[in-house]
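K.L.:
Generate a structure from the sequence data that follows.
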Amino acid sequence: MRSHLALVPLAMTLLTACAQQAQHPVALDGESECPTHLVVGQSLTLTLPSNPTTGYRWLVQNPASEILRSLGPEVYSGPEASGIVGSGGQSTWRFQAKAAGESHLILVYQQPWAPEESPVQTFDCAVRVQ
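P.N.:
Numbers count the residues shown, from 1 in each chain. So this is what the prediction gives:
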């Protein structure tokens, strides 16, 4: 009888693990993949083409902070193999869904020292967290 009671905690652990959905990371490479749906705790990686040698940078205008938590600053990676000075690369941001709700993650591509100028590009992604 005691051996059967010892299996109860194991069975509960297995049932809990089966009931939880796998939360795979979501990767966005452009607005064509928006809107995006996340669950609380799920991670989101956003990658956009970028070329800081032109003086333009992606600036987070609306981080959707009511539903997303930033996991660090922008990370720029240049094309190592191109060997061409001034060639573009990619900027990447990581977020985690922190609360249920809806918002827009908005970034603008502009010169940081000229905020009065209109951005040359805008990334606007509707995000829903459940």
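K.L.:
C-alpha only now, for contacts and for neighbours.
P.N.:
Noted.
K.L.:
quick one, helices of this protein?
P.N.:
2-19 (DSSP state H).
K.L.:
Break down it into its strands, ranges please.
P.N.:
26-28, 36-38, 43-50, 57-62, 68-70, 75-77, 89-97, 101-110, 121-129 (DSSP state E).
K.L.:
which of those has the lowest average pLDDT?
P.N.:
Mean pLDDT is lowest for strand 26-28 among the strands of the chain, at a mean of 87.
K.L.:
ok, that one: who's next to it in the sheet?
P.N.:
strand 43-50 (parallel) (DSSP bridges).
K.L.:
what angle sits between the strand it pairs with and strand 57-62?
P.N.:
For strand 43-50 against strand 57-62, the angle by axes from the mean of the first three to the mean of the last three Cα atoms, to 10 degrees is 140 degrees.
K.L.:
what sits up against strand 43-50?
P.N.:
24-30, 56-58, 76, 88-97 (Cα atoms under 8 Å, 6 or more residues apart in numbering).
K.L.:
can you rerun that using 10 Å?
P.N.:
Residues outside strand 43-50 that contact it (Cα atoms under 10 Å, 6 or more residues apart in numbering): 23-31, 36, 38, 56-58, 68-71, 74-78, 87-98, 107, 109, 123.
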